[in-house]
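> only geometry, no sequence info:
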Ligand code: SF4
Ligand code: SF4
């Protein structure tokens, strides 16, 4: 049986981000992409599940960057059996989460999996809507902020984080969708020689789709958040620092 | 019990043992019941020795010469003889912490009559562990992932690699900007480009090159880690990827020689890039500066009141045979008194950073009485030196941490040879750049 992992590439924020002259996009030539770190955890969790059950993991992604192959080959090298990229005319487009979900649903249906995993959120999906939207469109049950899972007796048991260290375990009927916060263990390392071997031997399947332009948000202006305040480092010995601290609190009427 | 892991059949111990009238009773008179020789299988030795490059693992005849010279054994329980013996008695190297403790310092190879070569065995075994999905220490994983993503193990943006140049105070030409041939391409490497103390040494070296009128330039943001330590940590594929990219970048520019800051880069360029099509005339900066001594000497005008000792980097000394150049430079420094440590030159101790050790610091520390860097710093302090001089970018940060953790702070400073030279030339102040 099949477990689908939905993966997305996002701009690497370690590198400096540059806004394009148009003002509505990042300078895509200057951006480098990394896999969304939660998706990396979703992949790890899927591989752990599959190791226990003998399921087949299929990595699926929408190639909005033109560079998704690298991430999919890495997924194959780590143990995914197949990799599929959804391609289309996405040049310079910002897919909304809703549009992404809509493009993914036919591919997921075709694969007929018993479980779909994806990262709980992404830099372009900070409210974590992808997993719930997929679940709504597919009509399958869903859990998000998942930190471990197990398939047994025809259900998936997903432990999810609530708050203040409290967790809850849900039992979902299969098929189901999980938004993964963290895998049970840190995502595994795969040596580059394995990735390169996979690049020579395996291939990535492609599904060409029509763009869903009307679902993409129209962007008016992109800008860096204005810097509103700066941290001030208090230096000196302990009593000087304490004096300064009291002074600052007084100045703000807090003392 | 699996006969492979069953230790002994019986133990005999006499309550009293008297030999020629002397009572030598004690646990040292213990005897173990013999096991027939076929209780030991060669399987786990073969599992390593069948890996390409690791054949010599099986050649060990247990003479034990390697153990006392192994820097890891000095602070722990290690050495090729022991690894062989452990494999023989059922411990799988691929699953043991031992796999990650060797720094590939090559001191065992120097004395081994059978040429058991850990410098080749370790990368092969580590690669096998990675390929068979065994977990690798998290700190190493992070460094390898960073190198693959950003071209440096520190996880710094590629574009910042040339940022230090602005602080150099002298022109440091960057090839993609100047677009002209140069005599010397200076391969700066990662720690000298990003680490604050590495940058101090880079600034000092830039000023020295400038004062000598050397025609040099750097690659800046186009340079990626030379990758040698990642290779030794088991990531041959990552090494090849980096080497291919670096060779491609180098082929765009005209230069006559490469001067490297980092002995690990020296090792990569000399021994491993040629196999991938990159042939260069490569020099370590101490070798170059020693050659330039006739021109350098008159510029060394300030007397430095230091008593110094010198740590031979494994990858400059034992691996590439350069022991004299750094010493010639130190002896040329006016006012400086130079003392050797007991373990020096061919028998130099190891800082612990080689072979991936740079990214296994906490892991290794968990398996040793003290860090190799701490052992070395204590040895340096015991000579009465006030300055430990280094010429490998891994060492400044390792030894400075060790100076703090061993409590010799205030008695011993760690400085790059370039910093001392630049100070004697009046190019930097006392201390750092
Ligand atoms: S010196 Fe060589 S042969 Fe002797 S014990 Fe060590 S590895 Fe074996
Ligand atoms: S290479 Fe160095 S650290 Fe490794 S076993 Fe030999 S002596 Fe020990």
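Here it is on my side, so go on. Keep in mind that what you see is a predicted model, and the values were worked out from it rather than measured. Ligands and ions are numbered 1, 2, ... in the order given.
> Tell me where the model's unsure across the stretch 101-250 of chain A.
Judged by pLDDT under 70, the stretch 101-250 of chain A has its weakly predicted residues at A:212-217.
> buried ones in stretch A:79-96?
By neighbour count with 16 or more other Cβ atoms under 10 Å in any protein chain shown, stretch A:79-96 contains the buried residues A:79-80, A:82-86, A:88, A:90, A:93-96. The C-beta positions use only the backbone N, C-alpha and C, and glycine is treated the same way.
> scratch that, stretch A:172-185
Neighbour-count burial for stretch A:172-185 flags A:172, A:175, A:176, A:177, A:178, A:179, A:180, A:181, A:182, A:183 (criterion: 16+ other Cβ under 10 Å).
> that older thread, rebuild the buried residues of stretch A:79-96 as JSON lines, extending it with distance to residue B:315, pLDDT and secondary structure.
Output for these, formatted as JSON lines (distance: Cβ to Cβ, whole Å; pLDDT from 0 to 100; DSSP: H, G, I helix; E, B strand; the rest coil):
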{"residue": "A:79", "distance to residue B:315": "35", "pLDDT": "95", "secondary structure": "coil"}
{"residue": "A:80", "distance to residue B:315": "38", "pLDDT": "97", "secondary structure": "coil"}
{"residue": "A:82", "distance to residue B:315": "43", "pLDDT": "97", "secondary structure": "strand"}
{"residue": "A:83", "distance to residue B:315": "39", "pLDDT": "97", "secondary structure": "strand"}
{"residue": "A:84", "distance to residue B:315": "45", "pLDDT": "97", "secondary structure": "strand"}
{"residue": "A:85", "distance to residue B:315": "42", "pLDDT": "95", "secondary structure": "strand"}
{"residue": "A:86", "distance to residue B:315": "47", "pLDDT": "94", "secondary structure": "strand"}
{"residue": "A:88", "distance to residue B:315": "50", "pLDDT": "88", "secondary structure": "coil"}
{"residue": "A:90", "distance to residue B:315": "47", "pLDDT": "77", "secondary structure": "coil"}
{"residue": "A:93", "distance to residue B:315": "49", "pLDDT": "69", "secondary structure": "coil"}
{"residue": "A:94", "distance to residue B:315": "48", "pLDDT": "75", "secondary structure": "coil"}
{"residue": "A:95", "distance to residue B:315": "48", "pLDDT": "83", "secondary structure": "coil"}
{"residue": "A:96", "distance to residue B:315": "52", "pLDDT": "86", "secondary structure": "coil"}
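> if I look at residue B:246, how far off is chain A?
When Cβ to the nearest Cβ, to the nearest Å is the yardstick, residue B:246 and chain A sit 15 Å from each other.
> So what does that residue look like in phi/psi?
phi -60, psi -40 (degrees, to the nearest 10).
> So it sits against residue B:224, correct?
Yes. Taking contact to mean Cβ atoms under 8 Å, the distance of 5.7 Å between residue B:246 and residue B:224 places them in contact.
> Can you pick out the most distant pair from the buried residues of stretch A:172-185?
In these, the most distant members under the criterion Cβ to Cβ are A:175 and A:182, with 22.3 Å between them.
> Could you check which of residue B:246 and residue B:224 is surrounded by more residues?
Residue environment comparison for residue B:246 versus residue B:224 gives the larger neighbour count to residue B:246, 25 against 21, counting by other Cβ atoms under 10 Å in any protein chain shown.
> residues contacting that one?
B:223, B:224, B:226, B:227, B:273, B:278 (Cβ atoms under 8 Å, 6 or more residues apart in numbering or on different chains).
> before we move on, the earlier item: would TSV of the buried residues of stretch A:172-185 with secondary structure and distance to residue A:191 be doable?
Converted to TSV, the buried residues of stretch A:172-185 look like this (DSSP: H, G, I helix; E, B strand; the rest coil; distance: Cβ to Cβ, whole Å):
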residue	secondary structure	distance to residue A:191
A:172	strand	35
A:175	coil	33
A:176	strand	33
A:177	strand	32
A:178	strand	28
A:179	strand	29
A:180	strand	24
A:181	coil	27
A:182	coil	23
A:183	coil	19
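> Give the single residue among the residues you listed positioned nearest to ligand 1.
Proximity of these to ligand 1 was ranked by Cβ to the nearest ligand atom; the top entry is residue A:183 with 40.5 Å.
> Surely the closest one is in contact with residue A:38?
No. Using Cβ under 8 Å, residue A:183 is not in contact with residue A:38; the gap is 9.6 Å.
> all strands for the chain, in order.
Reading this off chain A. With DSSP state E applied, chain A shows strands at A:2-7, A:9-11, A:33-35, A:56-62, A:82-87, A:115-119, A:142-152, A:155-161, A:167-173, A:176-180, A:205-208, listed in chain order.
> Actually, chain B is the one I wanted.
Using DSSP E, strands in chain B cover B:11-12, B:18-19, B:22-23, B:31-32, B:182-187, B:216-218, B:255-260, B:282-284, B:307-310, B:337-339, B:387-390, B:413-416.
> Would you point to the one among those that's packed deepest?
Mean neighbour count, computed with mean count of other Cβ atoms under 10 Å in any protein chain shown, is highest for strand B:387-390 among these, reaching a mean of 25.
> quick one: contacts of that one?
Strand B:387-390 is touched from outside by B:306-311, B:313, B:326, B:330, B:377, B:380, B:396, B:399, B:403, B:412-417, B:420, with contacts defined as Cβ under 8 Å, 6+ apart.
> now swap in stretch B:359-375 and tell me
In contact with stretch B:359-375 (Cβ under 8 Å, 6+ apart) are residues B:71-72, B:74-76, B:97, B:100-101, B:103, B:137, B:139-140, B:142-144, B:153, B:229, B:233, B:349-353, B:357, B:395, B:398-399, B:401-402, B:405-406.
> Return the nearest residue of chain A with respect to ligand 2.
Of chain A, the residue with the smallest distance to ligand 2, taken as Cβ to the nearest ligand atom, is residue A:191 at 21.0 Å.
> Backbone dihedrals for that residue, both of them.
Comment: the main-chain dihedrals of residue A:191 come out as phi -70, psi 150, following degrees, to the nearest 10.
> separation between the closest residue to it other than its chain neighbours and residue A:193?
Nearest residue to residue A:191, sequence neighbours excluded (Cβ to Cβ, 6 or more residues apart in numbering or on different chains): residue B:130, at 4.2 Å. As defined by Cβ to Cβ, to the nearest Å, residue B:130 lies at a distance of 8 Å from residue A:193.
> Now list whatever residues contact both of these two.
What both residue B:130 and residue A:193 touch, as defined by Cβ under 8 Å, 6+ apart, is the set residue B:235.
> Give me the more crowded residue out of these two.
For residue B:130 versus residue A:193, neighbours defined as other Cβ under 10 Å are more numerous around residue B:130 (27 against 20).
> Now do the contacts for the more buried one.
Each residue near residue B:130 by Cβ under 8 Å, 6+ apart is listed here: A:189, A:190, A:191, A:194, B:136, B:234, B:235.
> Compute the number of surrounding residues for the last one.
When counting by other Cβ under 10 Å, one arrives at 29 neighbours for residue B:235.
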